[in-house]
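Novice: one predicted model, sequence on top.
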Amino acid sequence: MAGIFTDASPIPQNGKVKTAEIVSVGTELLLGQIIDTHAPTMARVLAECGIACQRRATIGDNFDRLVASLKESLSRADILVTIGGLGPTMDDLTRDAIAAALGDELVRDAGYEAELRGWFEKRNYPFAESNARQADVPASGRMIENPNGTAPGLLCQKNGKVVVALPGPKGEFNPMAFGPVKTFFETLGGGVIHSRTLRVIGIGESAVEEMVAEVMGSENPTVAPYAHTGEVHLRVTARAANVAEAEALIEPVQARIAAILGNHLFGTNETTLEENVLELLAQRGETISVAESMTGGQLGARLTGVPGASRGFLGGVVAYAAGAKTALLGVSPETLAAHGPVSGETAIEMAEGARRAFGSTFSVAITGNAGPGVEPGGKPVGKTFLAFASPEGTRVEEFQYRGIREDIQRRATQTALTMLRETILAD
């Protein structure tokens, strides 16, 4: 399929940061039938080109609403990227809406229409006349080659604004976004917007913000906290001519944050808590085993999901039923009768049983009630006990989590890893 994406004159540079908005098109997105992963991808592409994405919107297959949204975006942003709605059917409205928003006529590209007809003929596919709509281009635009589909992208430039339209299928969107579109955007942005994420545990978002307040007012790089399950992330974002210069701006800010937060800072970017725990174990030549009831093996799964986990993780036991706790971990029937499976006493014996069975330096046990109903013995939903066995002895802690079953299980494994890390560092 021939493409035109050439001779694209960039927007004149005026020293200001170029701004962008993204509009995803499709009623299926609004109904939740498809999750929009393309908009975040495009936002990253824009950032890598030094262009600030300021808003994202999702509009259904309604012409008037789509035109209104595109006009609104163009009133604010230098660059507008649309995703989806470029196919041949009547509900593929993006090219028509772009033309209307720009005040353009649609022009039929006779050469591309002929190419489309040839593509269908070569494959013995019937050619519906609606397919020819994919050869329509706004008067101020040109086509972006789509080597993996029949719907080309669009690049329109008018009145100092840029509109880029990309198809929705992933196999078509990604090659275009990371290929010619990114190449073009690099001529507009004049640098990069580069971020590094610092990952923090053991303290809450408000406390983290207060502790690092001295760097929060920085303009380049900027520092912003946001909460995750059991963690706080600090996003440090720098604008520079290239990634190396951005990294150089980020380094001293990270060093200062690390000095303030100490061991609460456990990693950067994609580093997971389980990776950090296993790395600490490997550095010390120590090992870990797990005994799980409520979490059904999720803690072990998180640990074994790390490449090279066998350096520190010896194994685990999922003992859900009371009898399994006795048979596999040596939990006393008397303990179960007196205190129940959801108890600190049971958690202690589970941890000690796993450490004994595997011969590990440390062992972690989780038992609790993830719901949906109250446990026999009156233990409410969310009641959880975590026990930690080490050469220095065994300790247990009690927690009351909120949320649905999956939330409670995830919080329990996150807390277990956090406390295991603290145990290792205190060793």
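Specialist: Perfect, I can see it now. Residues are numbered from 1 along each chain as shown.
Novice: run the chain-centre distance for the biggest helix by length in the chain.
Specialist: Assignment by DSSP state H gives helix 405-426 as the longest helix of the chain. Distance, stretch centre to chain centre, for helix 405-426: 21 Å (Cα atoms, centre = their mean, to the nearest Å).
Novice: now do the buried residues in it.
Specialist: 408-421, 423-424 (16 or more other Cβ atoms under 10 Å). (Each C-beta comes from the backbone N, C-alpha and C, glycine too.)
Novice: got any ranges where the chain has weak pLDDT?
Specialist: 1-16, 375-376, 427 (pLDDT under 70).
Novice: domains in it, by residue range?
Specialist: 19-189, 192-268, 273-426 (automatic domain parsing).
Novice: hang on, the earlier thing: the longest helix of the chain packs against which elements?
Specialist: Judged by 3 or more Cβ pairs under 8 Å, 6 or more residues apart in numbering; DSSP states H and E, helix 405-426 is in contact with helix 273-284, helix 298-304, strand 362-368, strand 383-390, strand 393-400.
Novice: give me whichever of the ones you listed is most buried.
Specialist: Burial of the helices and strands packed on helix 405-426 is given as mean neighbour count (mean count of other Cβ atoms under 10 Å); strand 362-368 ranks first at a mean of 29.
Novice: which other helices and strands contact it?
Specialist: Using 3+ Cβ pairs under 8 Å, 6+ apart, strand 362-368 is in contact with strand 288-292, helix 344-358, strand 383-390, helix 405-426.
Novice: quick one: closest of the ones you listed to Ile79.
Specialist: In terms of Cβ to Cβ, the element of the helices and strands packed on strand 362-368 nearest to Ile79 is helix 405-426, at 38.0 Å.
Novice: please save the CA atoms from the closest one in PDB.
Specialist: Extracted in PDB, the C-alpha atoms of helix 405-426 (Å, rounded to 0.1, in the frame of the first residue of the first chain):
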ATOM      1  CA  ARG A 405     -11.900 -10.600  48.300                       C
ATOM      2  CA  GLU A 406      -9.200  -9.900  45.700                       C
ATOM      3  CA  ASP A 407      -8.300  -6.600  47.400                       C
ATOM      4  CA  ILE A 408      -7.900  -8.300  50.800                       C
ATOM      5  CA  GLN A 409      -5.700 -11.000  49.300                       C
ATOM      6  CA  ARG A 410      -3.500  -8.600  47.400                       C
ATOM      7  CA  ARG A 411      -3.100  -6.300  50.500                       C
ATOM      8  CA  ALA A 412      -2.100  -9.300  52.600                       C
ATOM      9  CA  THR A 413       0.700 -10.400  50.200                       C
ATOM     10  CA  GLN A 414       1.800  -6.800  49.900                       C
ATOM     11  CA  THR A 415       2.000  -6.400  53.600                       C
ATOM     12  CA  ALA A 416       3.800  -9.800  54.000                       C
ATOM     13  CA  LEU A 417       6.500  -8.700  51.500                       C
ATOM     14  CA  THR A 418       6.800  -5.300  53.200                       C
ATOM     15  CA  MET A 419       7.300  -6.800  56.600                       C
ATOM     16  CA  LEU A 420       9.500  -9.600  55.300                       C
ATOM     17  CA  ARG A 421      11.800  -6.800  53.800                       C
ATOM     18  CA  GLU A 422      11.800  -5.100  57.100                       C
ATOM     19  CA  THR A 423      12.700  -8.400  58.800                       C
ATOM     20  CA  ILE A 424      15.600  -9.000  56.400                       C
ATOM     21  CA  LEU A 425      17.000  -5.500  56.800                       C
ATOM     22  CA  ALA A 426      16.800  -5.700  60.600                       C
END
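Novice: I'd like the helices and strands packed on helix 405-426 as CSV, with distance to Val67 appended.
Specialist: Shown next, in CSV, are the helices and strands packed on helix 405-426 (distance: least, Cβ to Cβ, whole Å):
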stretch, distance to Val67
helix 273-284, 47
helix 298-304, 47
strand 362-368, 54
strand 383-390, 53
strand 393-400, 52
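Novice: which of these sits closest to Tyr125?
Specialist: Nearest to Tyr125, of the helices and strands packed on helix 405-426 and by Cβ to Cβ, is helix 298-304 at 45.6 Å.
Novice: show me how far the next helix or strand after the closest one is from its chain's centre.
Specialist: For helix 298-304, the following helix or strand on the C-terminal side (DSSP states H and E) is strand 313-318. Distance, stretch centre to chain centre, for strand 313-318: 29 Å (Cα atoms, centre = their mean).
Novice: could you point out which element follows strand 313-318?
Specialist: Counting by DSSP H and E, the next helix or strand C-terminal to strand 313-318 is helix 322-329.
Novice: same question for that following helix: list its buried residues.
Specialist: Buried residues in helix 322-329 (16+ other Cβ under 10 Å): Ala322, Lys325, Thr326, Leu328, Leu329.
Novice: out of those residues, who's nearest Pro175?
Specialist: For the buried residues of helix 322-329, the nearest to Pro175 is Leu328 (51.1 Å; Cβ to Cβ).
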